[in-house]
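I need the structure of the sequence given here:
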Amino acid sequence: MTQPSFATHEVFNQSPPFGDIDLFAVDRPLVDAVKANGGAAAERELSEFGRQWGSAAMADRGRVANESTPKLRTFDAKGNRRDQVEFHPAYHELMAHSAHAGVHNSTWTANGKPAGDAAEVIRAAKFYMAAQVETGHLCPVTMTRASVGALAMQPDLLGRVMPVLSTRSYDPSFAPWWQKRGMTLGMGMTEKQGGTDVRANMTRAVRDGEAYRITGHKWFMSAPMCDAFLVLAQADSGLTCFFMPRFAPDGSVNAIQFQRLKDKLGNRSNASSEVEFVGAYAERVGEEGKGIRTIIQMVQLTRQDCAIASVGLMRSGLAHALHHARHRSVFQKHLADQPLMQAVLSDMALHVEASTALVMRLCRAFDRTPHDAAEAAYMRLLTPAIKYWTCKSAPPFLYEAMECLGGNGYVEDGILARHYRESPVNAIWEGSGNVMCLDVLRALSREPEAATAVLQSLAAETKGLPGAGEAIAFIGQTFRRADGERVARLAVEKLALLAAAAALNGVSPRHAELFAATRLAATHASMYGAVELESGEMRALLERALP
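Here you go, the predicted structure:
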């Protein structure tokens, strides 16, 4: 007698894996934004990077690095204090690939000077693509790159460090930095009694010959596996920046005692620690009492990367949602052909396209700052505004991307759940939303003429775009108000939207018009897809987002 078959595991109406693609070539908004901001000559290099990071093998490394989280080994087998952090090999492979591509140092020359040309734009495109695969390992990559900005305040120390930092080698060995093929740097600023208010720091630095001995505590010290850290401590003349290596000059393990690794919502492949310094060896960076002025050179660059990474995460969310919608059928039609889904995806694509243009425009300002006062003013005023808008945009955007996949988006088998958990860190780290708004107000008060010039430039670049004139007037009036701090979030968001429209106008004028019409001339609805775009415009946006 023939038995009935009860096999049910036939997989159909599912999207194929989204892998083994060129993350650069399939992203027309990125290609055009890089070109518009001076990086066209690097297209072949960026496409090679895009193919490597768009491979299924690289995606798998990102998955494994997050599933196999770092472990703190406080002591060795004999009871000696070691304070080492162990990682899965997948994490080290990600670090090695980023280092080989110069993501941690390509904006600097071998002696620590700005590389010039379009180095910031090209490096940002790589960072943006790497963020789509695995964002956690980019924390030490970011801080290593940014540390050079602060170390420049101490030229003799920079001269010793750069021969190791400027190599494109990754060396995870636990050894003194001067013996290694390459090095990474972390940062320790915040303490439990005051995170943002670093002037409340209680960690003490006592002079010991030409060096210092530091005693105290850091509630958050990022990337404890690094070879050295820039930390803030109170010296005789006030809060000062210090270079604290993992090993003292005699080769002994420095007195940096990690208490625990933080159990974070996301960013799980990367270690973050709580630490105590017990007379740890350190060298001064910059003048005593000028610690904030010194380390802010580093913070400005890490804020830039927070914005780039957030846009990269949103880009990945959009790409996965669009890919899924083109293969998933519902009610006898592909999701991508359903009018409501088209409205959602095209509105999301418009947001990502504007955000991409904006961060690449910001990176152009970083490239030109050393020799262009107008670009330097743009960089100082817009960096906190752009970080505020892009970083706070990412979590709700990624939720929407997950919803496009339905239940498939919510499970950990795919990448979107990880992206969603990852996204809040960029808004929280290196200054929360309120801090960014206060920094914009501070830039306006310190350099009112330069800030006015930036606004005038944005007005010229957005002339004729819907709502741009009204936005300029609103920003100017709001920032002149005596109670400007109370409404700063509203004005800073409007400033970022205006800057995004201006940046997009230099890349894709028609889409800049759509962006301005839906974001400046009108208040954008809280839900994506609650705007009216013509069907032809929707198709064009989606084709540019992912051919």
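
Nearest spatial neighbour of residue 355, chain-adjacent residues omitted?
residue 311 (4.5 Å; Cβ to Cβ, 6 or more residues apart in numbering). All C-beta spots, glycine's among them, are computed from the backbone N, C-alpha and C.

and the one you found, what element?
Assessed by DSSP states H and E, residue 311 sits inside helix 291-327.

now residue 474
For residue 474, the enclosing helix or strand under DSSP H and E is helix 468-480.

now that helix: mean pLDDT?
Mean pLDDT, helix 468-480: 94.

Figure out how far that helix is from the centre of its chain.
In terms of Cα atoms, centre = their mean, to the nearest Å, the centre of helix 468-480 is found 28 Å from the chain centre.

and whichever helix or strand comes after that helix, how far from the chain's centre?
As assigned by DSSP H and E, the chain's next helix or strand after helix 468-480 is helix 488-505. Here helix 488-505 is found 19 Å from its chain centre; the criterion is Cα atoms, centre = their mean.

So which other helices or strands are in contact with helix 488-505?
Other helices and strands packing on helix 488-505, by 3 or more Cβ pairs under 8 Å, 6 or more residues apart in numbering; DSSP states H and E, are helix 339-368, helix 373-405, helix 433-446, helix 448-461, helix 468-480, helix 509-519.

Out of those helices, the one nearest residue 17 is which?
Minimum separation from residue 17 across the helices and strands packed on helix 488-505 (Cβ to Cβ) falls at helix 373-405, 13.3 Å.

Residue 64 versus the residue nearest to residue 355, what's the distance?
Noted for residue 311: a distance of 25 Å to residue 64, by Cβ to Cβ, to the nearest Å.

Isn't residue 500 up against residue 357?
Yes. The pair residue 500 / residue 357 is scored as a contact, 6.9 Å apart, by Cβ atoms under 8 Å.

Parallel or antiparallel, list what pairs with the worst-scoring helix or strand of the chain on mean pLDDT.
Lowest on mean pLDDT, DSSP states H and E among the helices and strands of the chain sits strand 329-330, with a mean of 82. Strand pairing for strand 329-330, using DSSP bridges, gives strand 333-334 (antiparallel).

chain center to the strand it pairs with, what's the gap?
Worked out by Cα atoms, centre = their mean, strand 333-334 lies 36 Å from the chain centre.

try stretch 10-27
Per Cα atoms, centre = their mean, the centroid offset for stretch 10-27 relative to its chain is 25 Å.

Buried residues of that stretch, list them for me.
15, 18, 21, 22, 23, 24, 25, 26, 27 (16 or more other Cβ atoms under 10 Å).

gap between the two ends of that stretch?
33 Å (Cα to Cα, to the nearest Å).

Kindly report the same for stretch 105-119.
Start-to-end, stretch 105-119 (Cα to Cα) is 10 Å.

got it, and stretch 222-232?
13 Å.

related to what we said a few turns ago, could the helices and strands packed on helix 488-505 go into CSV alongside distance to residue 490 and mean neighbour count?
Listed next are these as CSV, based on distance: least, Cβ to Cβ, whole Å; neighbours: other Cβ atoms under 10 Å:
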stretch, distance to residue 490, mean neighbour count
helix 339-368, 19, 25
helix 373-405, 11, 23
helix 433-446, 9, 18
helix 448-461, 16, 16
helix 468-480, 7, 17
helix 509-519, 14, 21
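
So which of those is nearest residue 205?
If we rank the helices and strands packed on helix 488-505 by Cβ to Cβ, the stretch that ends up nearest is helix 433-446, at 24.9 Å.

Show residues contacting the closest one.
196, 380-381, 384-385, 387-388, 391-392, 427, 431, 451, 479, 484-485, 488-489, 491-492, 495 (Cβ atoms under 8 Å, 6 or more residues apart in numbering).

Then stretch 421-431?
With contact meaning Cβ under 8 Å, 6+ apart, stretch 421-431 is reached by 135-136, 196, 222, 264-268, 299, 302-303, 306-307, 309-310, 313, 384, 387-388, 390-392, 394-395, 398, 433, 439.

mind redoing it with 7 Å?
For stretch 421-431, contacts defined as Cβ atoms under 7 Å, 6 or more residues apart in numbering pick out 135, 265-267, 299, 302-303, 306, 309-310, 313, 391-392, 394-395, 398, 433, 439.

Then stretch 19-38?
Residues contacting stretch 19-38 (Cβ under 7 Å, 6+ apart): 40, 46-47, 49-51, 53-56, 59, 118, 121, 125, 128-129, 132, 315, 352-353, 356-357, 360-361, 363-364, 367, 506-508, 544-547.

Would you write out the PyMOL command that picks the buried residues out of the residues you listed?
In PyMOL syntax, the buried subset of these is picked out as below (16+ other Cβ under 10 Å):
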select buried, resi 46+47+49+50+51+53+54+55+59+118+121+125+128+129+132+315+352+353+356+357+360+361+363+364+367+506+507+508+544+545+546
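
Could I get the buried residue list for the helix holding residue 311?
Within helix 291-327, the residues that count as buried by 16+ other Cβ under 10 Å are 291-292, 294-295, 297-325.
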